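Chemist: Please find the sequence and the predicted model below.
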Amino acid sequence: MKRNLLGRTGIEVSELCFGTLPFGPLQKNLPVEEAAALLQAAFARGINFVDTAQTYKTYEPIRLALRGAKERPVIATKSPAKTYEAMQKAVDEALAALELDYIDIFYLHAARAGVEVFTEREPALRCLLDNKKAGKIKAVGISTHSVKVTAAAAGRDEIDVVFPIINIDGMGILEGTKEEMEAAIAGCEKQGKGVVLMKVLAGGTAADRYAEAVNYARALKGYHSIAIGMISLDELVYNVDFFTGKAVRDLPVITGKKFAVFGYLCKGCFTCINACPNHAIARQGEVAVIDEKACLTCGYCVGACPQFAIRMI
Ligand code: SF4
Ligand code: SF4
């Protein structure tokens, strides 16, 4: 597995980063030991980069996997905290739950925020910088779906790593086009930022065009790693084979698509109802629900949801 230096951080990461959201309780909810074993299998195959978040609730399988790791992997986490105190709590929680002395990369978890995030969440960002000074964090970053935030991050000295959304369909990109995001990503790299790409499979909707979607991302200028969520050994092997240039099977094993609304993310705007070509989405109280029997698994609703609340499971 190819490794790249993450901008000017001095941190070396595998080109494929293991995204832990899908195996955690918010999505597939694998048993903790099974998730930990999957991570260890990833380490054994050359992946040294793990992405998590305060909200993903996957610290425990990572902690277990770290126990058996021959080499300490690079751990990136993030928090949506707004205040200094809440962010300090998030940092302390991550260090304790993962049993680590330091976190390699700590992002402001700012998926849907606009460029005002740098002023509105200045106390939380300052907290991360203080922890960096204290040696508890090696690099400070921001995760974002916004072109404007990505472009602004390039010019901000305090940001070491940028974690933007990008995919072949331009799905989920805010405040700009796919082409503008491509340019913003290249600009970040030019300014020495580490760049990790997220959602290159467009929330799972491009999984049936895996090679095309991943090759699109790998052809972009200025990225150092690509985070992909994995929930099984088959998926892991498939991804590793692809990234290491081995012959891959014709069809990805990432099949059996099913879509669901994650109620904790749904804001009840019901935009998705009109986006569904098969009337498979309905209101249930204040949230939307998908009728599995009527769902065509087309994924149109995924891109229509401003909250990214509809995911393939
Ligand atoms: S579009 Fe998203 S946030 Fe709006 S109702 Fe549908 S699932 Fe909920
Ligand atoms: S995946 Fe397609 S058919 Fe299924 S709920 Fe979403 S828009 Fe409707």
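Modeler: On my side now, so go ahead. Residues are numbered from 1 along each chain as shown. Ligands and ions are numbered 1, 2, ... in the order given.
Chemist: all strands of the protein, in order?
Modeler: For the chain, the strands defined by DSSP state E occupy 3-5, 12-14, 16-19, 49-51, 74-79, 103-109, 137-144, 161-164, 194-197, 225-229, 259-261, 281-284, 287-290, 310-312.
Chemist: nearest to Pro123, of those strands?
Modeler: strand 103-109 (11.0 Å; Cβ to Cβ). From N, CA and C alone the C-beta is placed, and that goes for glycine too.
Chemist: and the closest one, what other elements does it pack with?
Modeler: The contact analysis (3 or more Cβ pairs under 8 Å, 6 or more residues apart in numbering; DSSP states H and E) places strand 103-109 against strand 74-79, helix 84-98, helix 122-133, strand 137-144, strand 161-164.
Chemist: Just checking: what are the partner strands of the fourth one?
Modeler: Read it as strand 137-144. Sheet pairing for strand 137-144, assigned by DSSP bridges, gives strand 103-109 (parallel), strand 161-164 (parallel).
Chemist: starting at the chain centroid, how far to the longest one?
Modeler: Once both centres are worked out by Cα atoms, centre = their mean, to the nearest Å, strand 103-109 turns out to sit 12 Å from its chain's centre.
Chemist: Reformat the strands of the chain as CSV; add mean neighbour count, mean pLDDT and distance to Gln88.
Modeler: Below are those laid out as CSV (neighbours: other Cβ atoms under 10 Å; pLDDT from 0 to 100; distance: least, Cβ to Cβ, whole Å):
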stretch, mean neighbour count, mean pLDDT, distance to Gln88
strand 3-5, 14, 98, 29
strand 12-14, 22, 98, 26
strand 16-19, 26, 97, 26
strand 49-51, 28, 98, 22
strand 74-79, 26, 98, 10
strand 103-109, 25, 97, 11
strand 137-144, 26, 97, 11
strand 161-164, 28, 98, 20
strand 194-197, 26, 98, 23
strand 225-229, 25, 95, 25
strand 259-261, 20, 91, 33
strand 281-284, 15, 96, 38
strand 287-290, 18, 96, 32
strand 310-312, 23, 84, 30
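Chemist: Number of residues surrounding Phe262?
Modeler: Using other Cβ atoms under 10 Å, Phe262 has 16 neighbouring residues.
Chemist: swap in Glu182?
Modeler: Per other Cβ under 10 Å, the neighbour tally for Glu182 reads 21.
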